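A.B. asks: Return a 3D structure for these sequence lines:
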Amino acid sequence: MTILRENPAAAPETAAPETAGWTAVCAYTDLLPEQGACVLVDGRQIAVFRTFDGELYATGNLDPFSGACVLSRGIVGTRGAEPTVASPMHKQVFSLVTGRCLDDPATAVPTYPVRLSGGAVEVRVP
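C.D. replies: Prediction:
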């Protein structure tokens, strides 16, 4: 499932601090466990993941090794206790927590704060 939603107009400066900068991207129930979805926030493709235990993670969708925007289609799993996604292109594994490539620590993808708010998954980009 790919969910592409553009961020509506930027939050007004008077927005409450707890909601400022957060963008609702989908309903929690739209995300299937152990699968990702691609969302568009402020022109950025972001891969959002829901793990089997219900945790949410958000990374950049661009695979730095292939140059393709495919991480949301990757294989979600773990390495040790760390939640990961393996790129569907060349199978490099990235930490969902830090974005660091576990196969090549010199490479990483961006990570974004993600939260559940009233049934909606929200992402914050800088």
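A.B. asks: So what pairs up with the closest residue to residue 95 other than its chain neighbours in the strands?
C.D. replies: Distances taken as Cβ to Cβ, 6 or more residues apart in numbering put residue 82 closest to residue 95, at 5.5 Å, once the chain neighbours are dropped. C-betas here are computed from N, CA, C, even on glycine. On the basis of DSSP bridges, residue 82 is bridged to residue 79.
A.B. asks: residue contacts, residue 82?
C.D. replies: 95-97, 102 (Cβ atoms under 8 Å, 6 or more residues apart in numbering).
A.B. asks: buried subset of those residues?
C.D. replies: Among those, the ones that count as buried by 16 or more other Cβ atoms under 10 Å are 95-96, 102.
A.B. asks: Can you tell me which of the residues you listed is closest to residue 66?
C.D. replies: residue 102 (16.8 Å; Cβ to Cβ).
A.B. asks: May I have the phi/psi pair for the closest one?
C.D. replies: In terms of degrees, to the nearest 10, the main-chain angles of residue 102 are phi -80, psi -10.
A.B. asks: Could you do the one 4 residues further on as well?
C.D. replies: When quoted as degrees, to the nearest 10, the phi and psi of residue 106 stand at phi -80, psi -10.
A.B. asks: how about low-confidence regions in the chain?
C.D. replies: By pLDDT under 70, the low-scoring segments of the chain are 1-19.
A.B. asks: Contacts only, for the residue nearest in space to the middle of it.
C.D. replies: The chain has residue 58 as the residue nearest its centroid, 2.1 Å off, counting by Cα atoms, centre = their mean. Listed by Cβ under 8 Å, 6+ apart, the contact partners of residue 58 are 46-49, 111-114, 123.
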